[in-house]
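Chemist: Predicted model and sequence follow; I will ask about them next.
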Amino acid sequence: MLFSGLKDAVVLVTGAGKGIGEAIVETILEEKASFSGLKLFITSRTEGDLKRLEGLAKSAKVPCSFLASDLALHPLAALQACIREYGRIDAFIHSAGVGRFGNFHELTQDDFTYVMKTNTEAFFILMQAVYAQMKSQPKNQSLLRGQVQCVTSIAAVQAFEQSAIYCMSKYAQRGLLDVMKLHGRRDHIRILEVRPGATLTPMWGNVPSDQAQKMMNPQDIARPMVEALLLGAQASLEEITLRPTTGDL
């Protein structure tokens, strides 16, 4: 049972097709009783993944639209489509991200551009636009103009030897979110940064079974994020750090 209800909310989830983003959508649908009047907009790069989730939403009698799009190429496409479809956005959950890993001395300019284009450049463009949209909106029934949740990583606060570019991008995300919190406290917009440690998602590729057993599942990350959406208007959860019980890998 979650904390309270959230009524007539438009929720946009990026990176919804796989991993943590997929688990967030599934958890919201499982808890649909707490989201009366919910409308979903979901986006990722792979249309087939989104169609599957659209089917789940349809079965749950939750309106759901989607857009298959590459965030690096079209950072505002999903947000603009969501506003055209529903007219506003009450919760923005950002789970999209990419990574390339390896020895610091061997990473290439192509690796740098690939990661930073999505995780930093597109992230800034999208966060700025999402915030502007929420600030322009009247307060909703929860007395908020909006809620922003972003999945960064434990790599936003801790260095890992094989993650030079990824850490750089996640530290940058954390910096922007900290600035957004300063604005959000005045504008009635909640900003939450979620820092997962090792979570078994497709980004890890093939993982040996003994290592996989030590990792968190995407649902472990999704559930507290969904619960945070339902906090009363007088409370703002600003940071969540989750690690495997046995610590970082």
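Modeler: Sure, I can see it.
Chemist: Ala202 against Gly19, yeah?
Modeler: Let me fix one detail, which is that residue 202 is Pro and not Ala. Yes - using Cβ atoms under 8 Å, Pro202 is in contact with Gly19, at 5.9 Å. For the C-beta atoms, the positions are set from N, CA and C on the backbone; glycine is no exception.
Chemist: mind checking the longest strand of this protein?
Modeler: The strand of greatest length in the chain, counted in residues with DSSP state E as the criterion, is given as strand 189-196.
Chemist: Output it as CSV - backbone C-alpha positions only.
Modeler: Taking Å, rounded to 0.1, in the frame of the first residue of the first chain, the C-alpha atoms of strand 189-196 are listed here in CSV:
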residue,chain,number,x,y,z
ILE,A,189,8.3,21.7,-8.2
ARG,A,190,9.8,18.7,-6.5
ILE,A,191,13.2,17.5,-7.8
LEU,A,192,14.4,14.0,-6.9
GLU,A,193,17.7,12.5,-7.8
VAL,A,194,17.9,8.7,-7.6
ARG,A,195,21.3,7.1,-7.4
PRO,A,196,21.3,3.3,-7.9
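Chemist: Within the sheet, what are the partner strands of it, with directions?
Modeler: Neighbouring strands of strand 189-196 in its sheet, by DSSP bridges, are strand 146-151 (parallel), strand 239-242 (parallel).
Chemist: Can you give the contact residues for that strand?
Modeler: Counting by Cβ atoms under 8 Å, 6 or more residues apart in numbering, strand 189-196 makes contact with 20, 131, 134-135, 144-154, 156-157, 173-174, 177, 180-181, 183-184, 216, 221, 224-225, 228, 231, 236-242, all of which sit outside it.
Chemist: cool, stretch 179-187 as well?
Modeler: With contacts defined as Cβ under 8 Å, 6+ apart, stretch 179-187 is touched by Met127, Tyr131, Met134, Lys135, Arg145, Val148, Ile189, Arg190, Ile191, Ser236, Glu238.
Chemist: Please list only the buried members of the contacts of strand 189-196.
Modeler: Buried members of those, counted by 16 or more other Cβ atoms under 10 Å: 20, 131, 134, 144-154, 156, 173-174, 177, 180-181, 184, 216, 221, 225, 228, 231, 236-237, 240, 242.
Chemist: In helices, which of the residues you listed fall?
Modeler: Taking DSSP state H, the ones among those that sit in helices are Ile20, Tyr131, Met134, Gln173, Arg174, Leu177, Met180, Lys181, Gly184, Ile221, Met225, Ala228.
Chemist: And the strands in the protein?
Modeler: Under DSSP E, the chain gives strands at 10-14, 39-44, 64-68, 91-94, 146-151, 189-196, 239-242.
Chemist: rewinding a little: can you tell me which of the ones in helices among the buried ones among the contacts of strand 189-196 is closest to Phe41?
Modeler: Closest approach to Phe41 among these (Cβ to Cβ): Met134, at 14.4 Å.
Chemist: Dig out what the closest residue to the closest one other than its chain neighbours forms beta bridges with.
Modeler: Computed as Cβ to Cβ, 6 or more residues apart in numbering, the closest residue to Met134 that is not its neighbour in sequence is Gly146, at 3.2 Å. Following DSSP bridges, Gly146 is listed with bridge partners Ile189.
Chemist: give me the number of residues near the residue lying closest to Ile28 once chain neighbours are set aside?
Modeler: The shortest distance from Ile28 to any residue other than its chain neighbours is 5.7 Å, reached at Val226 (Cβ to Cβ, 6+ apart). Burial measure for Val226: 24 neighbouring residues, criterion other Cβ atoms under 10 Å.
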